[in-house]
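**Q** predicted model and sequence follow; I will ask about them next.
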Amino acid sequence: MSTATLARTPFHPWSAERGARFVDFAGWEMPMSYGSIIDEHHACRTGAAFFDVSHMGRLRITGRHARKFLDRVCTRLILGMERGQVRYSLVCNERGGVRDDVLVYCYDEDDYMMVVNASNRLKILDWFRSIKERENLTFSMEDVTAETAMAAIQGPKVMELVAGFSREIPTLKRYRFAEKSLMIAKLTVSRTGYTGEDGVELVMGSTVAKFVLPMLLREKEGVTAAVRPCGLGARDSLRTEASMPLYGHEITEEIDPLSAGLGFAVKLDKGAADEREGRFIGQDALEAIAKSGTKHKLVGFEVEGRRAARQGMGIHRGGEHVGHVTSGCLSPTLDKVIAMGYVPSELAAEGTEFEIDLGKAKTAAKVVKMPFYNPVRGK
């Protein structure tokens, strides 16, 4: 695909001016880096970093059956969400596989926004429309991705920065949001993120994004003093250190959330057993998996050597192929190779030793506790 056919975010000109190296990501021309990926990674871990995440899909779901619909497609309970609350959830197929992992924002009891992965937006839209028609539900679903922009500002110094334009936001609890006005712009600012660090994610109108961004970043005369722009490369190594799943890697249509260690986001007592309305799609299958036990489990590895283990590489034990790597990198923070992958549940205990096939050679690896890095406990 030529870059001429790729979608561009409202922040694209700003990124281009700062020397971004762009790549095709799910049909969007997105910054991979602005220089050194490792330097960008460290900037997020030690200071403040800006990520353009406008490629993520944003769906506004409103109306009489909005909550009822979301409770049918989400594994978390939407009923009872408060205004200003954000909830991480999975959207599953009938087999219990993951169609996407999403964030649901509650603006009111019949007004929600769902943030979906860029690679799944069209798939999710089509599927949601089919469910609406099949179950005769009354609600409005608007894809507002193109008319909005989304940014993430992450790092231990972010709240100090945010305090410059809001006293309220630094007091928000995790997975809460506030609506703020900045000049002519109305912003939704949530205390969420995908790096393992504290920070915020902001949604704003696409037409005002270029005016709002310099103010958010305290940028003067084209020089960013407080916040470093970062690309998808650092975003991936940061989320890997924090053991956060990436769709298409740790979760797919063929992988259930219980095997992926995401049981916290699955409410299996959702709806009475004889009350179909309150149960989510895929609940029957996940109840059966929970009862019988998962056959495979996602685990974390420390890997010997300096060569990163990559998605699809085989995991071996006793000469037998027993699993596969889903993500891996040479951790800039920990200065060692880390990886995630699936192995048989009976082999998932911490300390269990394996070999990972790197192609030309195999290297030793052992199961360790995840997340690999937690800013609260440090290294």
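**A** On my side now, so go ahead.
**Q** downstream of the longest helix anywhere in the chain, the next helix or strand is which one?
**A** Among the elements of the chain assigned as helix by DSSP state H, the one spanning the most residues is helix 121-134. Per DSSP states H and E, the first helix or strand lying C-terminal to helix 121-134 is strand 140-143.
**Q** would you mark the buried spots in that following strand?
**A** Of all the residues in strand 140-143, those buried under the rule 16 or more other Cβ atoms under 10 Å are residue 141. To be clear about C-beta, it is placed using only N, CA and C from the backbone, and glycine gets the same treatment.
**Q** next one: stretch 56-68
**A** 56, 57, 58, 59, 60, 61, 63, 65, 66, 67, 68.
**Q** now the end-to-end length of it.
**A** Criterion Cα to Cα, to the nearest Å; first-to-last residue distance in stretch 56-68 is 24 Å.
**Q** if we can go back for a sec, who does the longest helix of the chain touch, helix- and strand-wise?
**A** Helix 121-134 is packed against strand 57-62, helix 66-73, strand 98-108, strand 140-143, with contacts defined by 3 or more Cβ pairs under 8 Å, 6 or more residues apart in numbering; DSSP states H and E.
**Q** burial count for residue 26?
**A** Other residues lying near residue 26 total 17 when counted by other Cβ atoms under 10 Å.
**Q** pretty sure it contacts residue 56?
**A** No: checked against Cβ atoms under 8 Å, the pair residue 26 and residue 56 is beyond contact range at 9.5 Å.
**Q** need the residues touching each of the two.
**A** When contacts are counted by Cβ atoms under 8 Å, 6 or more residues apart in numbering, residue 26 and residue 56 are jointly contacted by 117, 118.
**Q** so where's the protein shaky on pLDDT?
**A** 1-4, 220-225, 272-277, 376-379 (pLDDT under 70).
**Q** all the helices of it, residue numbers only.
**A** Going by DSSP H, the chain shows helices at 12-17, 37-46, 66-73, 121-134, 158-162, 209-216, 232-241, 283-292.
**Q** who touches residue 31 in this structure?
**A** 15, 20, 21, 22, 52, 229, 231, 232.
**Q** quick check: bridge partners of it?
**A** residue 22 (DSSP bridges).
**Q** how close does it get to residue 253?
**A** 28 Å (Cβ to Cβ, to the nearest Å).
**Q** stretch 256-269: which residues count as buried?
**A** 256, 257, 258, 259, 260, 261, 262, 263, 265, 266, 267, 268.
**Q** endpoints of it, how far apart?
**A** Stretch 256-269: ends 17 Å apart by Cα to Cα.
**Q** residues making contact with it?
**A** 75-77, 88-90, 92, 95-98, 101, 245, 250-251, 283, 285-287, 289-290, 294-298, 342, 370.
**Q** same deal with stretch 85-97?
**A** Residues contacting stretch 85-97 (Cβ under 8 Å, 6+ apart): 73-76, 78, 81, 98-106, 124, 175-177, 190, 192, 251-258, 262, 265-266, 280-282, 284-286, 288-289.
**Q** how about stretch 147-154?
**A** 9-11, 44, 48-54, 56, 58, 115, 161-162, 193-195, 197-206, 209, 213, 216-217, 227, 238.
**Q** mind listing which of those are in strands?
**A** Using DSSP state E, the members of the contacts of stretch 147-154 that fall in strands are 49-52, 58, 115, 199-205.
**Q** and of those, the nearest to residue 314?
**A** Distance to residue 314 across those (Cβ to Cβ) is lowest for residue 51, with 32.2 Å.
**Q** ok, that closest one to residue 334 distance?
**A** Residue 51 is 21 Å from residue 334, by Cβ to Cβ.
**Q** about what we covered before: would you turn the buried residues of stretch 56-68 into CSV with distance to residue 37?
**A** Shown next, in CSV, are these (distance: Cβ to Cβ, whole Å):
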residue, distance to residue 37
56, 20
57, 25
58, 27
59, 31
60, 34
61, 36
63, 43
65, 45
66, 40
67, 41
68, 44
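**Q** name the nearest residue to residue 278, ignoring sequence neighbours.
**A** residue 271 (2.6 Å; Cβ to Cβ, 6 or more residues apart in numbering).
**Q** was I right to think that neighbour contacts residue 284?
**A** No: look at residue 271 against residue 284 with Cβ under 8 Å: they stay out of range, at 11.1 Å.
**Q** out of the two, which sits in the busier spot?
**A** residue 271 (18 against 13).
**Q** quick check: the gap between that one and residue 280.
**A** 8 Å.
**Q** good, we can wrap up now.
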